[in-house]
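Trainee: Predicted structure and sequence below. I'll ask about it afterward.
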Amino acid sequence: MVQVNGNYLKLKAGYLFPEIGRRVKAFSTAHPDAPLIRLGIGDVTEPLPQACRDAMKIAIDAMGTAEGFHGYGPEQGYAWLREAIATHDFQSRGCAISADEIFVSDGSKCDSSNILDILGEGNRIAVTDPVYPVYVDSNVMAGRTGQAGDEGRYAGLSYLPISADNGFTAEIPSEPVDLIYLCFPNNPTGAVATKKQLTAWVDYARKNGALILFDAAYEAFIQDPELPHSIYEIDGARDCAIEFRSFSKNAGFTGTRCAFTVVPKGLKGKAANAEDVELWGLWNRRQSTKFNGVSYIIQRGAEAVYSAAGQQEVKGLVSFYMENASIIRKQLSSAGLTVYGGEHAPYVWIKTPDGMDSWGFFDHLLNNANVVGTPGSGFGAAGEGYFRLSAFNSRANVDDAMARIQAL
Ligand code: MLT
């Protein structure tokens, strides 16, 4: 009989968001008329920018002609999109990243999991707690952890607690680690890292031969011009970091799918025989074998993000969601709740009231306000007693949700 991947059997229950979906569906079935407002999963709600839609339409029409038809594209992405990304997102901020170090993909979630394909089994892995669950679960699936303990923490992973005490930016580990997942602006806490804090991580990684996997999917939401958008704004990061970026949250591509990963040339890991190996070559090999690229039409849409009109629209979208975040912060604070984040990120991280646990607060809001959020404990043991609300929704829904919570 065929055998299954036993690592999957180590996983705790469902992935967080499908689990929330299951509970919400059960609630809706029991209360079909309840006017639910979803501030749970960070999925965008505003329409795709006109500039992107126009570019996609032109690309569709081109696909209907013999001259403009595109079959398989380059697995790494079309050169014109990689050039636009390198110029606008990196070189404009003083980062020496070139177009051939950009790998266009269908999502940061996929890439942050797939990257494990090119990394060895023996790495000591550090994640923050709370953390975006994909980093942990993908390591479990790949057999890089032991079993989960009582608190849901997996043996073999180093957990770096983040809390109000350390400003929600993890402290440098006291034990040596080889692979570190960092996400700034942070999902789920909405915290942001300063240049000084990222410099400490880069220095640690270089000193210890560690690799930082830097998830910058929310960089567009940073409001303070002094804060770094990319790990490559830190000296030395080219030697120790891979960065993940996405068009999902800034330009509304959650449904159309386009993202990219930056693997600098010269970034190295060690082979079993202790020889240095370039990660760029391994990732290029991996993508060429297992990925067929993002569709031409979608890449043309992503390219339009960098047009003058596209930039203007993306700025508008980011401001719109950040205004939502500000409303959520303000309204919840005046309702007496303690809130964090939401100033440089589209997530507000809330201390649950009266010692309520995270799922208890989830049920309380669902049942009494018909508002869906995300329990902090779903992001890790240290998220217990916290709750996340997403700023991705219409203004009317955000206002309505806040009024209902105020009224509780
Ligand atoms: C979240 O809500 O944490 C995000 O939507 C997850 C994701 O982007 O995959």
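Mentor: In hand now; what should we look at? Numbers count the residues shown, from 1 in each chain.

Trainee: And the residue of the protein closest to the ligand?
Mentor: G42 (3.3 Å; C-beta to the nearest ligand atom). Bear in mind the C-beta positions are built from the backbone N, C-alpha and C, glycine included.

Trainee: State the number of residues packed around that residue.
Mentor: Per other C-beta atoms under 10 Å, the neighbour tally for G42 reads 23.

Trainee: Checking it next. Helix, strand or coil?
Mentor: coil (DSSP: H, G, I helix; E, B strand; the rest coil).

Trainee: same question, E121
Mentor: coil.

Trainee: okay, the closest residue to it other than its chain neighbours: pLDDT?
Mentor: Distances taken as C-beta to C-beta, 6 or more residues apart in numbering put R144 closest to E121, at 6.6 Å, once the chain neighbours are dropped. For R144, the model assigns a pLDDT of 97.

Trainee: quick one: contacts for R144?
Mentor: By C-beta atoms under 8 Å, 6 or more residues apart in numbering, R144 lies in contact with L116, E121, N123, I125, G156.

Trainee: Could you pick out the buried ones from those residues?
Mentor: Taking 16 or more other C-beta atoms under 10 Å as the criterion, what is buried in those is L116, N123, I125.

Trainee: returning to what we had before: what is the residue lying closest to the residue of the chain closest to the ligand once chain neighbours are set aside paired to in the beta sheet?
Mentor: For G42, ignoring the flanking residues on the chain, the nearest one in space by C-beta to C-beta, 6+ apart is S390 at 4.6 Å. With DSSP bridges as the criterion, S390 is bridged to Y347.

Trainee: S394: neighbouring residues, count only.
Mentor: Residues lying near S394 (other C-beta under 10 Å) number 13.

Trainee: Can you tell me the closest non-neighbouring residue to it?
Mentor: Spatial nearest neighbour of S394, excluding adjacent residues (C-beta to C-beta, 6+ apart): T45 at 5.8 Å.

Trainee: which one among the contacts of R144 gets closest to F320?
Mentor: L116 (35.3 Å; C-beta to C-beta).

Trainee: Okay, the closest one and L211: tell me how far apart.
Mentor: 11 Å (C-beta to C-beta, to the nearest Å).

Trainee: Enumerate the residues of the stretch 101-250 of the chain near the ligand.
Mentor: Selection of the stretch 101-250 of the chain residues close to the ligand by C-beta under 6 Å from any ligand atom yields K109, N187.

Trainee: With pLDDT as added columns, please give the buried ones among the contacts of R144 in TSV.
Mentor: Below are the buried ones among the contacts of R144 laid out as TSV (pLDDT from 0 to 100):
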residue	pLDDT
L116	98
N123	97
I125	97
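
Trainee: Report pLDDT for the residue of the chain closest to the ligand.
Mentor: 94.

Trainee: Poorly predicted segments of this protein, please.
Mentor: 13-15 (pLDDT under 70).

Trainee: can I see the domain layout of it?
Mentor: Per automatic domain parsing, the structural domains of the chain span 6-46+309-407, 53-307.

Trainee: Ends of the last one, what's the gap?
Mentor: This points to domain 53-307. As for domain 53-307, its first-to-last residue distance stands at 13 Å under the measure C-alpha to C-alpha, to the nearest Å.

Trainee: And for the shortest one?
Mentor: Length of domain 6-46+309-407, first residue to last, C-alpha to C-alpha: 48 Å.

Trainee: same check, this time on stretch 53-73
Mentor: End-to-end distance (C-alpha to C-alpha), stretch 53-73: 20 Å.

Trainee: Next: stretch 172-183.
Mentor: End residues of stretch 172-183 are separated by 14 Å (C-alpha to C-alpha).

Trainee: What lies in contact with that stretch?
Mentor: Residues contacting stretch 172-183 (C-beta under 8 Å, 6+ apart): 112, 119, 123-128, 131-132, 135, 158, 160, 170, 193, 200-201, 204-205, 208-218, 231.

Trainee: now these: which count as buried?
Mentor: Applying 16+ other C-beta under 10 Å to the contacts of stretch 172-183 flags 112, 119, 123-128, 131-132, 135, 158, 160, 170, 193, 200-201, 204-205, 208, 210-218, 231 as buried.

Trainee: Which members of the residues you listed occur in helices, if any?
Mentor: Residues of these located in helices (DSSP state H): S112, Y135, A200, W201, Y204, A205, N208.

Trainee: Closest to R93 out of these?
Mentor: W201 (18.1 Å).

Trainee: my guess is that closest one contacts I212, does it?
Mentor: Yes. Contact criterion C-beta atoms under 8 Å: W201 and I212 qualify, at 6.1 Å.

Trainee: for stretch 66-84, which positions count as buried?
Mentor: So stretch 66-84, judged by 16+ other C-beta under 10 Å, has buried residues G73, P74, E75, Q76, G77, Y78, L81, R82, E83, A84.

Trainee: ok, the second one touching G293?
Mentor: Yes. The pair P74 and G293 passes the contact test of C-beta under 8 Å, sitting 6.2 Å apart.

Trainee: Please enumerate the helices of the stretch 151-300 of the chain.
Mentor: Assigned by DSSP state H, counting those that start in this stretch, the stretch 151-300 of the chain shows helices spanning 195-208, 248-251, 279-290, 296-303.

Trainee: To F17, which of the ones you listed lies closest?
Mentor: F17 lies closest, by C-beta to C-beta, to one member of the helices of the stretch 151-300 of the chain: helix 248-251, at 14.1 Å.

Trainee: which other helices and strands contact the closest one?
Mentor: helix 308-334 (3 or more C-beta pairs under 8 Å, 6 or more residues apart in numbering; DSSP states H and E).

Trainee: can you do 6 Å?
Mentor: If you count contacts as 3 or more C-beta pairs under 6 Å, 6 or more residues apart in numbering; DSSP states H and E, helix 248-251 packs onto no helix or strand.

Trainee: Touching it from outside, list them.
Mentor: Helix 248-251 has contacts (C-beta atoms under 6 Å, 6 or more residues apart in numbering) with Y218, A220, T254, V305, V314.

Trainee: Farthest pair within these?
Mentor: Y218 and V305 (15.4 Å).

Trainee: got the end-to-end distance for stretch 70-90?
Mentor: Length of stretch 70-90, first residue to last, C-alpha to C-alpha: 28 Å.

Trainee: I should have written stretch 284-296 there, sorry.
Mentor: Span of stretch 284-296 from end to end, C-alpha to C-alpha: 19 Å.
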